[in-house]
Each structure stands twice: as structure tokens, then as C-alpha cells.
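Participant: I would like the atomic coordinates for the input below:
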Amino acid sequence: MTIATTHERGITTLTLDSPANRNALTARLVGELTEALGKCAQDEDVRAVVLTHTGSTFSAGADLKSPPNPYTFVGLLRQIVTLPKPVVARITGHVRAGGLGLVGACDIAAAGSDSDFAFTEVRIGVAPAVISLPLLPRMEPRAAGRYYLTGERFDAAEAVRTGLLTLTADDVDTALAPLLDGLRRASPQGLAASKELVTARVLETFDRDAEDLVQRSASLFASSEAREGMTAFLERRDPTWVL
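Facilitator: Numbers count the residues shown, from 1 in each chain. This next block holds a predicted model:
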């Protein structure tokens, strides 16, 4: 199993538990996370979901050797957005590429102050296409432009400023405690209705752009430039276009 599940006082924690490959988004992990979220949606004892990780990386993005089907990944992102219960990302480490899509789909996202983030797609010849569905409606446009184009790392404080994160703290669990307490005090109906209000713009983006972005992503990944970028990444060298 790549997903570990625990439950305490109305909060189910789903832990990405594949540290050997830095919780990369494989077909298996995406499938198991989809299944676990489906169970949470149906369980009346679950008031909210926390999505976290083992190891030093929340998720390194798509596994280049065993990537998930893009439609399946879009389905997972949409499932998080439409789940009738809040989903809270808890991050204490690195997040890269497709992993940022998971963060963007969550309703609340909190990270330790030493966490860092990067849209690395541009450096292997592709683009953060599919993950734009939840991210672009939430992020500050100038910040998205900068980090999409440069692929540079940015820290948790900057991630808060951009709208990627809700909050950051040295002790993320202490910071999250009052938020989780607030979710426990909220009614299931009130939570579901309130979540519909705050996710409406994100869902409009899914409905309008999902097919186009899946096709755009597939075209980029099939290109010769992307093959060079992915090969260079796996061989730990610079791709041929680096000046």
C-alpha cells in the first residue's frame, strides 16, 4: 500500500507512504488515494481529511517511469475539490511539479517553515498544464507567471504570499490544531455547503479547460524536447538546451 490511513476524533489522515520514490505520483498511488478519498466521502464519522506524507518529500510529482493516466489524475484532483468534506494538506518537506496539484486542490494547505516548492516541469521540456486546473484560480497571477516560467524553488512564506498555501509555521501541527478543532465543531451540512461556495471558481476551470489541458500535456510529453529533458533528468545531467 502507498497510502496509510488513521482516524481520530472525526479527522481521517491519509498519508502518502512511498518515501523510496519521494511519494511520486504513480498509477498505483493515484489509484489508492482515489479509493481512500472515496471511502472518506461515504463515512459519516469523517468530518475532514488531512493529506500528509512520510519522508522528506510530500510528493516529487509524476513518476517519469510509471506516470498515472492524465485523465485519472484529473479525476483525483477533481475528487479532492468536490469531496463534501474539507481536505487539509499538511506538508513538512519538499513539493515538486504534480505534487503541487494535490496541494492546490486541497481546501486548506499548511506547511512547515522549512518546506520548499518548485514547478520543475519547464526544466524537462513540459509545462504544469493539468495541475493548473486547481492552481491558477487560487494563485496570485504574477507569482504563477514567475514560478511556472523559471522553475526556481521558493519557500513556505513565499508560498503563502502566492496563495498556494494557507499558512506556514515552525510547528505545523500546533498551527493546524485550532483549524482542525474548528472543522470538528462545524456541521457536516454546513461544511459541504460552504465548500461548494469557495470551490465554485475552481470547478468552472475543470469544466472549461480539463480536456484541453490533458491534450496539451500529452502533446508536450510526447515531444522530442521532453524526451531529452526526461532522459537528462534520469541521467542527472543538463539537457542539451541549457546555455
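
Participant: make it CA atoms for all contacts and neighbour counts henceforth
Facilitator: Fine.

Participant: from the chain's centre, how far out does stretch 157-173 sit?
Facilitator: 14 Å (CA atoms, centre = their mean, to the nearest Å).

Participant: what comes up buried for that stretch?
Facilitator: Going by neighbour count (16 or more other CA atoms under 10 Å), the buried part of stretch 157-173 is 157-160, 162-169, 172-173.

Participant: first to last residue in that stretch, what's the distance?
Facilitator: Chord length of stretch 157-173, first to last residue, is 17 Å (CA to CA, to the nearest Å).

Participant: Show residues contacting that stretch.
Facilitator: With contacts defined as CA atoms under 8 Å, 6 or more residues apart in numbering, stretch 157-173 is touched by 90-92, 103-104, 108-114, 117, 135, 138-140, 143-144, 156, 175.

Participant: From those, keep the buried residues only.
Facilitator: Buried by 16+ other CA under 10 Å: 90-92, 103-104, 108-113, 117, 135, 138-139, 143-144, 156, 175, out of these.

Participant: just checking, which of the residues you listed belong to strands?
Facilitator: 90-91, 108-112, 117 (DSSP state E).

Participant: of all the residues you listed, which two lie farthest apart?
Facilitator: Farthest pair in these (CA to CA) is Ile108 and Phe117. Separation: 16.4 Å.

Participant: how many other residues sit next to Thr150?
Facilitator: Neighbour count of Thr150, defined by other CA atoms under 10 Å: 14.

Participant: what's the spacing between it and Phe119?
Facilitator: As for Thr150, its distance to Phe119 is 8 Å (criterion: CA to CA).

Participant: Could you find which two of the buried residues of stretch 157-173 are furthest from each other?
Facilitator: Thr162 and Asp173 (21.8 Å).

Participant: did I read that right, Thr6 in a helix?
Facilitator: No. Using DSSP: H, G, I helix; E, B strand; the rest coil, the assignment for Thr6 is strand, not a helix.

Participant: Counting neighbours, what do you get for it?
Facilitator: Thr6: 10 neighbours (other CA under 10 Å).

Participant: mind checking pLDDT for it?
Facilitator: pLDDT, the model's per-residue confidence, is 98 for Thr6.

Participant: Could you pull up the residues touching it?
Facilitator: Thr6 neighbours (CA under 8 Å, 6+ apart): 12-14.

Participant: Sort out which of these are buried, if you could.
Facilitator: 12-14.

Participant: got CSV for those, with secondary structure too?
Facilitator: Listed next are these as CSV, based on three-state DSSP:
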residue, secondary structure
Thr12, strand
Thr13, strand
Leu14, strand
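
Participant: With pLDDT and distance to Leu183 added, can I get those in JSON lines?
Facilitator: Supplementary listing: these in JSON lines, determined by pLDDT from 0 to 100; distance: CA to CA, whole Å:
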{"residue": "Thr12", "pLDDT": "98", "distance to Leu183": "12"}
{"residue": "Thr13", "pLDDT": "98", "distance to Leu183": "14"}
{"residue": "Leu14", "pLDDT": "99", "distance to Leu183": "17"}
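
Participant: what's in contact with the helix or strand containing Gly229?
Facilitator: Element membership of Gly229, judged by DSSP states H and E, is helix 224-234. With contact meaning CA under 8 Å, 6+ apart, helix 224-234 is reached by 64, 123-126, 220-221, 238-240.

Participant: Which parts of the protein are strands?
Facilitator: Under DSSP E, the chain gives strands at 3-8, 11-16, 48-53, 57-59, 87-91, 94-96, 108-112, 116-118, 154-155, 167-169.

Participant: of the ones you listed, which approaches Arg28 most closely?
Facilitator: By CA to CA (comparing all of the strands of the chain), the closest turns out to be strand 3-8, at 9.8 Å.

Participant: For burial, what's the neighbour tally of Leu243?
Facilitator: When neighbours are counted by other CA under 10 Å, Leu243 comes out with 5.

Participant: before we move on, what about Thr26?
Facilitator: Neighbours of Thr26 under the rule other CA under 10 Å: 22.
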